[in-house]
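Undergrad: Got a sequence here, can you build the structure:
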Amino acid sequence: MKENFSETKQNNLYNILHLHVTPTTDLSGTNIAAGTTSLFSLNRRQKSITFFFLFLTSLLVYRNCYDIRIPTDSFSFLLIVKNYGVSGLLHNYYSIGLALVADTVFLLGYNLFGSSTIGWFLSAMFFHSLNALLILLISLRLFVSFSVPGNFTLALFAALLFLLSPYQTEVLLWTPRIINYVIAGTFILLSVYYMIKYSQNEKRTDLILFHVSFILATLSFETSLSFPAIPACYFILYRFIHRQSLKIKNILLNIVLPQAIILFMYFLTCKLWLGNWILHYGAKIHLDFSFSLAMGNTIKYLAKFFLLYRYLPASRHEFLHDILHTDISNNYTIWLFAVATISLTGFLFYRSFSINKQNATLLLFLFLAFLIMLIPVINLDTTFLGAVFSDRYGYLPSTFFYLFLSVFIYLLFKKAGGYVCAGLLIVNFVCLSATIPLWNEASDYSKRLIHNFIPHMSEQNIYVLNMPDNYNWIMTYRNGFASTSEFIYEKKLKHLNEISGFYMTSPGDSVKVTRNDSLSFLVESMPARKSFLSKGTWAKSYETDSYSVSFSENLSSFTITFKDKIPDNAAMFYVAGDQWRKVKVR
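TA: Residues are numbered from 1 along each chain as shown. Got it, this is the predicted structure:
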């Protein structure tokens, strides 16, 4: 077999891990190792060495992140776990999704680490490194399934590209709340691994583990629910390469039917236990697959992953909007991009099939798997094009994307493929190194802000005019200020009114407060271009029993008006950088 990397470098790497090639036969009895490809069989020791290499690499790269604390949602959920303990699992911790497995891990983590940032950080890195190892093992087996001349180095590149992607920081550093993404990723990858093993040996043990892993994935996070389409694609394409393999009847009975039953039981449980078929954001959002929304967001994800769009020069915005006059929210533009993208993709796969059926089939499977895992998140927020926020939605799709990318580069550049992958790995590292400091800044800001509020925690009726929602689009105190005060400082705020959320970009950001009359105040953002937020979205005017809030059309100012009188015990504050300024209310 002709390798695309020098034999000397390969042998050095193999000697380090003491790798060996195990002759393997496919279902037709052909000796795979003696044919067009080989299956590198890693024993337990070799897998352990590889895992610790990946784990130590992640710790080294994220070495300045041990003490990052992102309070949004994290401490509110920890308080629920603290108050309800194991019995809370019976009520799903009153969560917005059916995530019993992730919640159990959360409960164990709370009992082990409490609010310790180091413990949660190491847990996230452990699962993330495990996912990278699973990508490596899946790669080696996929090379066999599709008779592609892959190798250990190529599989390692895929794992490292995933491990060091600059788009994984939100999942890894917004802990403990977002750790469910990496847990779901682990079980999805285990499902894929055992699916491939079953296709190669038809062992019932692998079939059972395949289905069990999928069940655990669905009970970790709902974005796993599109996964059954991946086995369907895999076995169709696998039979395209190995026509004498699994019978269609066996695939339907052993794969398709059990997966359908699992999905049905999941949704039935949601309805009977939690009252709705579709949880989290609800059916209105999760089932909105309008062409303009789905296709527009798909194009954004392609730009995110293929072009590293967020890390392109800042002039990219002017180039697209001012020179090319493109607007991805415009239906005409979406149709134009859609036709161009589909045509180009179709042409490339057509050409690939005409050159090498096995290579093209593997690439097609990985690309389809990437798109399938995008389905549950394709109608959600896409702030990721310009900021870190919402990067988490791309975590599960990225498990397939980076494998697709490494194989594509390997097959396209042939002997130079290793150097191209190495270059891309360096680019990933540089982009990641530029992203991590943003998390340190947001974490430090959050800590300073709540520490400076300690003298005011005894106030009986608190009004915060501009609670910092995020710092450069990294969450700070959206839904997390009161719970952080209670969990970290053991100070339960009596009555906290968060009038609006505020987008912070620098320590000098603040608001200007002007008293209109005895009952109303005008609050203007400084600088004036900034928009106010409310519960994670752009602000909307609203009314409570005691006051009303009316936002300007451009959301850069609002007026708060008390209905009868300002409460005698009212204490009104606004945030100026990391300091608290008290407003004179009487």
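Undergrad: For the longest helix along the chain, list every residue counted as buried.
TA: Ranked by residue count under DSSP state H, the longest helix found in the chain is helix 417-451. With burial defined by 16 or more other C-beta atoms under 10 Å, the residues of helix 417-451 counted as buried are 417-418, 421, 424-425, 428, 431-432, 435-436, 438-439, 442-443, 445-447, 449-450. C-beta here means a position set from N, CA and C on the backbone, and glycine is covered the same way.
Undergrad: hey, where'd the strands end up in the protein?
TA: 461-464, 467-471, 474-475, 496-498, 501-504, 510-515, 520-526, 532-534, 537-538, 542-543, 547-551, 557-562, 570-576, 579-583 (DSSP state E).
Undergrad: on that earlier part again, just give me how far the longest helix of the chain sits from the chain centre.
TA: In terms of C-alpha atoms, centre = their mean, to the nearest Å, the centre of helix 417-451 is found 15 Å from the chain centre.
Undergrad: swap in stretch 414-424?
TA: Stretch 414-424 has its C-alpha centroid displaced from the chain centroid by 27 Å (C-alpha atoms, centre = their mean).
Undergrad: same deal with stretch 442-457?
TA: The chain centre lies 28 Å from the centre of stretch 442-457; the measure is C-alpha atoms, centre = their mean.
Undergrad: CA atoms only: put that stretch into CSV for me.
TA: These are the backbone C-alpha positions of stretch 442-457, laid out as CSV (Å, rounded to 0.1, in the frame of the first residue of the first chain):
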residue,chain,number,x,y,z
ALA,A,442,-15.2,37.6,30.8
SER,A,443,-14.5,35.4,33.8
ASP,A,444,-12.4,38.0,35.6
TYR,A,445,-15.0,40.7,34.9
SER,A,446,-17.8,38.5,36.3
LYS,A,447,-15.8,37.9,39.5
ARG,A,448,-15.0,41.5,40.0
LEU,A,449,-18.5,42.7,39.3
ILE,A,450,-20.2,40.4,41.9
HIS,A,451,-17.4,41.0,44.5
ASN,A,452,-18.0,44.7,44.2
PHE,A,453,-21.7,44.2,44.9
ILE,A,454,-21.1,42.5,48.3
PRO,A,455,-21.8,45.8,50.3
HIS,A,456,-25.2,46.0,48.7
MET,A,457,-26.4,42.4,49.1
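Undergrad: Mean confidence (pLDDT) on that stretch, please.
TA: This predicted structure assigns stretch 442-457 an average pLDDT of 95.
Undergrad: which ones are touching the closest residue to residue 278 other than its chain neighbours?
TA: For residue 278, ignoring the flanking residues on the chain, the nearest one in space by C-beta to C-beta, 6 or more residues apart in numbering is residue 286 at 5.3 Å. If you count contacts by C-beta atoms under 8 Å, 6 or more residues apart in numbering, residue 286 has them with 278, 280, 376, 379.
Undergrad: ok, of these, which one's closest to residue 230?
TA: Within the contacts of residue 286, proximity to residue 230 (C-beta to C-beta) peaks at residue 376, which comes in at 12.7 Å.
Undergrad: Show me the helices in the stretch 201-350 of the chain, by range?
TA: In chain order, the stretch 201-350 of the chain shows helices spanning 204-218, 229-241, 248-251, 257-274, 283-286, 291-307, 316-318, 331-355, with DSSP state H, counting those that start in this stretch as the criterion.
Undergrad: Just the buried residues of the fourth one, please?
TA: The reference is to helix 257-274. Applying a neighbour-count criterion of 16+ other C-beta under 10 Å, one finds 258-259, 262-263, 266-267, 270, 274 buried in helix 257-274.
Undergrad: Can I get those in CSV including distance to residue 148?
TA: Compiled in CSV, those are given as follows (distance: C-beta to C-beta, whole Å):
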residue, distance to residue 148
258, 29
259, 26
262, 30
263, 31
266, 34
267, 37
270, 40
274, 44
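Undergrad: pLDDT score for the residue nearest the centre of the chain?
TA: Within the chain, one residue has its C-alpha closest to the average C-alpha position: by C-alpha atoms, centre = their mean, that is residue 392, at 2.2 Å. In this model, residue 392 is scored at 95, pLDDT.
Undergrad: got it, and the one 5 residues further on?
TA: pLDDT recorded at residue 397 is 98.
Undergrad: same deal with the one 4 residues further on?
TA: Per-residue pLDDT puts residue 401 at 98.
Undergrad: quick one: pLDDT of the closest residue in space to it that isn't next to it in sequence?
TA: Ranked by C-beta to C-beta, 6+ apart and with sequence neighbours excluded, the top spatial neighbour of residue 401 is residue 370, at 4.8 Å. Reported pLDDT at residue 370 in the predicted model: 98.
Undergrad: In contact with residue 370, which residues are there?
TA: Remark: with contacts taken as C-beta under 8 Å, 6+ apart, residue 370 is in contact with 397, 400-401, 404.
Undergrad: mind giving me the domain split of this protein?
TA: The record's domain split for the chain, according to automatic domain parsing, is 44-436, 452-583.
Undergrad: Run through the stretch 101-250 of the chain and note the low-pLDDT ranges.
TA: Low-confidence segments of the stretch 101-250 of the chain, defined by pLDDT under 70: 150, 244.
Undergrad: mean pLDDT lowest for which of the strands of the chain?
TA: Within those, the least confident segment by mean pLDDT turns out to be strand 537-538, at a mean of 84.
Undergrad: so how far is that one off the chain centroid?
TA: Strand 537-538 sits 21 Å away from the centroid of its parent chain (C-alpha atoms, centre = their mean).
Undergrad: my guess is residue 511 meets residue 574, correct?
TA: Yes. Under the criterion of C-beta atoms under 8 Å, residue 511 lies in contact with residue 574, with a separation of 5.2 Å.
Undergrad: okay, and the common contacts of those two?
TA: Listed contacts common to residue 511 and residue 574 are 465-466, 523; contacts here mean C-beta under 8 Å, 6+ apart.
Undergrad: who wins for neighbours among the residues you listed?
TA: Using other C-beta atoms under 10 Å as the neighbour test, the shared contacts of residue 511 and residue 574 are led by residue 466, with 27 neighbours.
Undergrad: Pairing-wise in the sheet, spell out the partners of the residue lying closest to that one once chain neighbours are set aside.
TA: Distances taken as C-beta to C-beta, 6+ apart place residue 502 nearest to residue 466, at 3.9 Å, with adjacent residues excluded. In this structure, residue 502 has beta-bridge partners residue 468, residue 532, where bridges are defined by DSSP bridges.
Undergrad: neighbours of residue 502, just the number please.
TA: A total of 28 residues lie near residue 502 under the criterion other C-beta under 10 Å.
Undergrad: OK, contacts around it?
TA: Residues touching residue 502, when contacts are defined by C-beta under 8 Å, 6+ apart, comprise 466-469, 509, 511, 525, 530, 532-533, 575.
Undergrad: And the shared contacts of residue 511 and residue 574, which is closest to residue 313?
TA: The shortest distance between residue 313 and any of those, using C-beta to C-beta, involves residue 466 and amounts to 32.0 Å.
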